[in-house]
Every structure is written in C-alpha cells, then in structure tokens.
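Asks: Fold the following for me, if possible:
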Amino acid sequence: MANEVRAVIGKDITIKGDIEGGEDLLIEGVVEGTIHLDAELIVGAEGQVKAQIETALLTVEGTLDGEVAVSEVARLAPGCRMTGVLTSGRVVIEDGANFTGRLDMDTGLVGAVGGKHG
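Replies: Numbers count the residues shown, from 1 in each chain. Now for the predicted structure:
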C-alpha cells in the first residue's frame, strides 16, 4: 500500500451493490456486488468480498471470491483465501496464501483499468 488509505469499509459494515471510485479502498467488512476502482483495493484480514472486480492494484489479506481484473499488480498475502478467476499482468502469491481457481497472466491488461497508479 503505497499511499495512505482514505476510504475504509469497517468490519461491522455490509454492502450489497456497486462500488466505483478513484481512491484507495480498504475493506474490513462484507461486500457483495461489483467493484471498479482506478486505485488500490485492499481486502483486509477481516474482509469478506464476493464480487466482480476491476482495479489498478489489489492486495488480499482476507477472503475474496469472484472474477477479478487487475491492471497493475495483484498481491495475495499470507493467510488470505481467494477463489475464482484472477487476471493480471503481474501477480505475487506469498507463502501461506490460499488460491483456488484460474490465473490468467495477461500483460495486455497492464494500464487498461485505470492507467498508472500514482
């Protein structure tokens, strides 16, 4: 997480629907729906996300189930659980991360979701 996170969905919050934005988002609660960010999405250790996602950067520390397209770098942290389809030009799967699904390394996707994250 290069920048300070400005938007947080707390652990006692549940959202069902669409989320769109241009700033980093930390999810510690429950989110179901679609997420489109031109920034970094962080699924925190307490976060539970079931969604179709397009984002510039992704860090998963909690639970994520869905179809995910990342234009820059996706990072699966130790202890996370991800299920579904992950498409990204660059992926870091750290020791202890759990991933079940399909991984598509698509270098043509780089820069497609929101350009360079600054």
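
Asks: How much space separates residue 71 from residue 80?
Replies: Separation of residue 71 from residue 80 (CB to CB, to the nearest Å): 20 Å. Heads up, the C-betas are built off the backbone N, CA and C, glycines and all.

Asks: If you count surrounding residues, which of those two has more?
Replies: residue 71 (25 against 22; other CB atoms under 10 Å).

Asks: Got the confidence number for the more buried one?
Replies: pLDDT, residue 71: 94.

Asks: Okay, buried residues for the helix or strand harbouring it please.
Replies: Taking DSSP states H and E as the definition, residue 71 sits inside strand 63-76. Neighbour-count burial for strand 63-76 flags 63-66, 68-76 (criterion: 16 or more other CB atoms under 10 Å).

Asks: quick one: contacts of the very next helix or strand once past that strand?
Replies: Sequence order places strand 81-93 as the next helix or strand after strand 63-76, per DSSP H and E. With contact meaning CB atoms under 8 Å, 6 or more residues apart in numbering, strand 81-93 is reached by 58, 60, 62-76, 97-110.

Asks: Kindly recompute the last result at 7 Å.
Replies: 60, 63-70, 72-76, 98-107, 109-110 (CB atoms under 7 Å, 6 or more residues apart in numbering).

Asks: ok, now stretch 20-32?
Replies: Contacts for stretch 20-32 (CB under 7 Å, 6+ apart): 3, 5-16, 19, 36-44, 46-51.

Asks: per-residue confidence at the closest residue to residue 12 other than its chain neighbours?
Replies: Of all residues not flanking residue 12 in the chain, residue 29 sits nearest, at 6.5 Å (CB to CB, 6 or more residues apart in numbering). What the model reports for residue 29 is a pLDDT of 98.
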